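K.L.:
I'd like to go over a predicted model; first the sequence, then the structure.
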Amino acid sequence: MPNEILILVLSLLSIKDAVVTSSVSKRFRFMWKYLQQLNFDFSGPFEITTKSHELYYSEREKYYQQVNSVIRSYNHSKVHFFRINFHLDALECVIDDWLEFAANRKVEILELDLETTDKHHHVSWNYNLPIRFNRMSIGTGQLPYSDFVHLKTLYLKNVNINELALSMFLEISKHLETLSIHRSGNLTNISVRGRELNLKHFEIVECPSVASIYLSDFNLESFTYMGGPIGFTLTGLPNLKNVVMSQGLVALNSNVFRRISSCASSLQALSLKIFHPMVSTSSLCNFLITFITNFQKCNTFLQLLSSSPIKKRRKPIRIAADHPHEHLKIFKILGYYGRISDVELAAYIIDNGNALKKIVIDPRCQVLKGFKAAKKFKKNEEAARSSAQRQLPPLLPPGVELVIL
């Protein structure tokens, strides 16, 4: 097998598996050192690290040794992809050294995934991304952001980054196209602007301290915000095509459309996730009318996510006047339980979506995925699917596809 093919195969593995695989032959023994993708993926289930402190510290020590051993032996001048995937708390200053290694190797894709399954974990315990503005500060325990000039993708999870560090990354990393920040505790007022930015995909997820987001005057293509109610402004973003937002029930009552109305001409996909079991169909339809009025050219899909089913039964009612949408092609309902309100909502879209090509029904529990509480909804999924298969086909006009997941 040519060395190039072997390196390609090894690059598909975690670095631990790549090293083990390389040991099967003397010829392959050090081949892993030529990899440009270093994926330090924790191989065990994260749950075991939360069962006891002794087990956690044992696994953490093994992880340290693995990463440090590879870094000491690595002799390639460049790293394309560098990923740390293990729960490491705020005291782990050794991560600074790992980041400096990645920066010195001109890393292009950097992922710090320090997720934990500990439900008591607080963002104040996260690893804090350090700051250093120039090499005169060497030895202060802060990071030289100027070394990340080649960075194209940055993914941070359970890593605290503040506004100053964020602005430094954006200023120095001229090639940065994708920025994703999950569960960071130090961001409050996020402001990203400037036509010199190359940022195309921006994601803020479950960052509890965020109070406002201001995005302006650059070529952003997709934006995702998942979290509590905040103030936000999206303006001067001519290439924005995809927006995903979750602000709880407030999304129905806020001026969310006005705030992103300047992007209406380019927007193709809008996903609004509404987590509340008591949202009435009339409220949703009024919400949709506002969407239709403001975003006539949003022609890819609109996605709504609802929460738990309402057990109260009632007779069907006429919910809203007709308000045709001439461009909507795909409509997706997540958390469809076969309620009368679900059928009414689907019927409203079917009746008013003049360009509608597909309606997607997902009966799976959306809010409590991965939790024991979600199990009680599992038995309702098949009933919801049966209801959708029985209730919706008679409502469909020719040419509209029904997909039930």
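P.N.:
Received, thanks.

K.L.:
After the host helix or strand of residue 61, heading C-terminal, what element do we hit next?
P.N.:
Take DSSP states H and E as the rule and residue 61 turns out to sit in helix 53-73. Scanning forward in sequence from helix 53-73 by DSSP H and E, the next helix or strand is strand 81-85.

K.L.:
Which elements pack onto that following strand?
P.N.:
Other helices and strands packing on strand 81-85, by 3 or more CB pairs under 8 Å, 6 or more residues apart in numbering; DSSP states H and E, are strand 37-41, helix 94-104, strand 109-113. In short, each C-beta sits where N, CA and C put it, glycine included.

K.L.:
Mind listing what's buried along the first one?
P.N.:
Residues of strand 37-41 classed as buried: 37-40 (neighbour count, 16 or more other CB atoms under 10 Å).

K.L.:
from those, which is closest to residue 332?
P.N.:
When the buried residues of strand 37-41 are compared for distance to residue 332 (CB to CB), residue 39 comes out closest, at 32.2 Å.

K.L.:
Secondary structure of residue 394: a helix, I assume?
P.N.:
Yes - per DSSP: H, G, I helix; E, B strand; the rest coil, residue 394 lies within a helix segment.

K.L.:
how far away is it from residue 337?
P.N.:
With the distance defined as CB to CB, to the nearest Å, residue 394 ends up 19 Å from residue 337.

K.L.:
And residue 61, by the same measure?
P.N.:
Distance of residue 61 to residue 337, computed by CB to CB: 47 Å.

K.L.:
These two: who's more crowded?
P.N.:
Using other CB atoms under 10 Å, the more surrounded residue of residue 61 and residue 337 is residue 337, with 23 against 10.

K.L.:
Sticking with that one, tell me its helix or strand.
P.N.:
Going by DSSP H and E, residue 337 is not in any helix or strand.

K.L.:
That one and residue 379 touch, don't they?
P.N.:
No - checked against CB atoms under 8 Å, the pair residue 337 and residue 379 is beyond contact range at 11.8 Å.

K.L.:
tell me which residues in the helix holding residue 61 are buried?
P.N.:
56, 59-60, 63, 66-67, 70.

K.L.:
Any regions of this structure where pLDDT drops low?
P.N.:
The model of the chain has pLDDT under 70 over residues 1-34, 43-52, 89-92, 117-120, 131-146, 247-258, 261, 274-323, 365-378.

K.L.:
where do the strands sit along the stretch 201-350 of the chain?
P.N.:
Remark: strands assigned in the stretch 201-350 of the chain by DSSP state E, counting those that start in this stretch are 201-205, 212-216, 222-226, 231-235, 242-246, 269-273, 301-305, 330-334.

K.L.:
can I get the ones you listed in a markdown table with mean neighbour count?
P.N.:
A markdown table is the format used below for the strands of the stretch 201-350 of the chain (neighbours: other CB atoms under 10 Å):
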| stretch | mean neighbour count |
| --- | --- |
| strand 201-205 | 18 |
| strand 212-216 | 17 |
| strand 222-226 | 18 |
| strand 231-235 | 16 |
| strand 242-246 | 19 |
| strand 269-273 | 19 |
| strand 301-305 | 20 |
| strand 330-334 | 21 |
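
K.L.:
Out of these, which gets nearest to residue 185?
P.N.:
strand 201-205 (12.6 Å).

K.L.:
Walk me through which strands the closest one pairs with, and which way each runs.
P.N.:
strand 178-182 (parallel), strand 222-226 (parallel) (DSSP bridges).

K.L.:
and residue 54, how far is that from residue 60?
P.N.:
11 Å.

K.L.:
Next: residue 68.
P.N.:
Using CB to CB, one gets 12 Å for the distance from residue 68 to residue 60.

K.L.:
tally of neighbours for the residue lying closest to residue 175 once chain neighbours are set aside?
P.N.:
Counting by CB to CB, 6 or more residues apart in numbering, residue 175 lies nearest to residue 152, which is 5.1 Å off, once chain neighbours are set aside. Counted with other CB under 10 Å, the neighbours of residue 152 add up to 15.

K.L.:
Same question for the one 4 residues further on.
P.N.:
Taking other CB under 10 Å as the neighbour definition, residue 156 ends up with a count of 23.

K.L.:
List the beta-bridge partners for it.
P.N.:
Per DSSP bridges, the residues bridged to residue 156 are residue 112, residue 181.

K.L.:
Was I right to think it contacts residue 184?
P.N.:
Yes - counting by CB under 8 Å, residue 156 touches residue 184, with 6.4 Å between them.

K.L.:
ok, back up a step: between the buried residues of helix 53-73, which sits nearest residue 341?
P.N.:
residue 56 (45.6 Å).
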